[in-house]
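1. Need the 3D shape of this:
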Amino acid sequence: MNKIEAHKELISEFKHLELLANQVVEGFISGMHKSPFHGFSAEFAEHKIYNSGESTKNIDWKLFAKTDRLYSKRYEEETNLRCHIIIDNSSSMHYPKLNSNELFFKNKIGFSVLASAVLMNLLKKQRDAVGLSVYSDTYEYYSPEKGSDRHHRMLLNKLEELLESPKISKNTDTITFLHQIAEKIHRRSMIILFTDMFQNGEKEKLFNALQHLKHNKHRVVIFHVYDSKSELHFNYDNSPRKFIDLETNMEINVFADNIQEEYEKKVKEYFQEIALTCAQNKIKYVPVAVSDDFEKVLTTYLIEKQMFG
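-> Prediction:
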């Protein structure tokens with residue numbers, strides 16, 4: 001049994017990516033509190049209580065964030081969203097290597113694929129258009145924003161392909177391809193990037209590329225995907241270990257205890273630097289661990305959409 005078949009067997013009760021994504025979205029929506037908010041004020045005059053089964057298109061997510069209750073706006077908004085999802089498919093994104101009994105979304109590329117499918121499911125429910133770009137050391141795939149069922153299925157097929165074979169020694173050329181993607185997206189859109197932020201080269205050039213994505217008043221969200229146990233906390237015993245760079249094949253032999261404190265300090269500083277630079281450039285930055293559920297991804301998207309208008 002090959003890897004993708006093993007992964008599909010693990011989620012056999014959902015049959016494939018689309019059904020699994022739908023299960024995540026439905027669980028997210030049904031898990032929200034739907035009981036009436038007592039003490040209506042003028043602020044809520046244009047809202048009505050959301051009822052299960054209604055379109056999610058007019059839910060006021062900013063209001064949900066404040067009240068923990070679901071309300072729909074009474075009027076029909078004429079702001080169909082265009083969303084472009086970008087996935088970093090470099091070798092480092094296929095970490096950690098999964099055992100045959102582990103769920104496919106417990107590594108960085110798997111998490112990014114399912115999170116993208118989940119967002120696409122929500123976009124489809126809200127009749128919004130979605131496009132997709134995939135890059136590594138080449139610009140692997142581009143599809144512009146569309147809203148048809150056929151287009152949605154085509155993008156899901158592409159996402160499933162990303163799980164099939166790990167990328168061997170594929171470097172990340174985020175800077176080059178973010179500039180190229182920025183040039184392709186002409187109409188105002190929300191741009192969502194899934195990446196582990198491993199990029200050779202100057203940080204300033206990377207942030208220039210991210211800033212380029214914001215031209216034409218696009219709204220940019222970065223989901224910084226990481227493995228908490230080994231990439232953030234460096235949890236290894238103190239036996240001698242060989243670490244291999246997945247993108248360059250460079251090797252280093254170390255005792256984990258000797259460098260753990262310094263490593264964790266450097267990683268924390270790097271995360272803080274990214275967060276600060278994104279804040280300065282008005283880019284939404286959200287670190288997400290592969291061990292997390294998808295609630296943070298969905299909530300971030302919905303609040304950002306509310307602010308997009």
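2. secondary structure element for Val225?
-> strand 219-226 (DSSP states H and E).
3. where's that strand relative to the chain centroid, distance-wise?
-> Relative to its chain's centre, strand 219-226 lies at 6 Å (Cα atoms, centre = their mean, to the nearest Å).
4. Report all helices and strands that it contacts.
-> helix 108-125, strand 190-195, helix 203-213, helix 256-280, strand 284-289, helix 295-308 (3 or more Cβ pairs under 8 Å, 6 or more residues apart in numbering; DSSP states H and E). For glycine as for every other residue, the C-beta is placed from the backbone atoms N, C-alpha and C.
5. Residues contacting the following helix or strand past that strand, please?
-> Using DSSP H and E, the helix or strand that follows strand 219-226 in sequence is strand 240-244. Defining contact as Cβ atoms under 8 Å, 6 or more residues apart in numbering, one finds that strand 240-244 is touched by 250-256.
6. Please produce a ChimeraX select command covering the buried subset of these.
-> In ChimeraX syntax, the buried subset of those is picked out as below (16 or more other Cβ atoms under 10 Å):
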select :256
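7. So which of the contacts of strand 240-244 is the closest to Ile49?
-> Nearest to Ile49 among these: Ala256, at 53.4 Å, using Cβ to Cβ.
8. pretty sure that closest one contacts Asp237?
-> Yes. Shown here, Ala256 and Asp237 form a contact pair, counting by Cβ atoms under 8 Å, at 6.8 Å.
9. Give me the contact list for the helix or strand hosting Arg153.
-> Element membership for Arg153 (DSSP H and E) is helix 149-162. Here helix 149-162 makes contact (Cβ under 8 Å, 6+ apart) with 4, 16-18, 87, 89, 109, 113, 116-117, 120, 124, 130, 132, 134, 141, 143.
10. Check which residues of the next helix or strand after that helix are buried.
-> The helix or strand immediately downstream of helix 149-162 is helix 174-184, counting by DSSP H and E. By neighbour count with 16+ other Cβ under 10 Å, helix 174-184 contains the buried residues 174-178, 180-182.
11. One more: stretch 129-145?
-> Buried residues in stretch 129-145, counted by 16+ other Cβ under 10 Å: 129-137, 140-145.
12. what residues do Ala256 and Asp237 have in common as contacts?
-> In contact with both Ala256 and Asp237: no residue, using Cβ under 8 Å, 6+ apart.
13. Next one: His179 from Tyr139, what distance?
-> Computed as Cβ to Cβ, to the nearest Å, the His179 to Tyr139 distance reads 11 Å.
14. got it, and Thr174?
-> For Thr174, the distance to Tyr139 - Cβ to Cβ - is 11 Å.
15. Please apply the same query to Asn107.
-> To Tyr139, Asn107 is 23 Å away according to Cβ to Cβ.
16. again with Ile303
-> In this view, Ile303 and Tyr139 are 30 Å apart by Cβ to Cβ.
17. wait, Asn235 sits on Tyr263?
-> No. Here Asn235 does not reach Tyr263: they are 10.9 Å apart, not a contact under Cβ under 8 Å.
18. So for stretch 193-204, first residue to last residue, what's the gap.
-> Terminal residues of stretch 193-204 lie 18 Å apart, using Cα to Cα, to the nearest Å.
19. What residues of that stretch count as buried?
-> For stretch 193-204, burial by neighbour count (16+ other Cβ under 10 Å) applies to 193-199.
20. what does stretch 293-309 give?
-> Applying a neighbour-count criterion of 16+ other Cβ under 10 Å, one finds 294, 297-302, 304-305, 308 buried in stretch 293-309.
21. just those residues now: which is nearest Thr56?
-> Nearest to Thr56 among the buried residues of stretch 293-309, with distances taken as Cβ to Cβ, is Leu302, at 8.6 Å.
22. quick one, what contacts the closest one?
-> Shown in contact with Leu302 (Cβ under 8 Å, 6+ apart): 59, 61, 64, 122.
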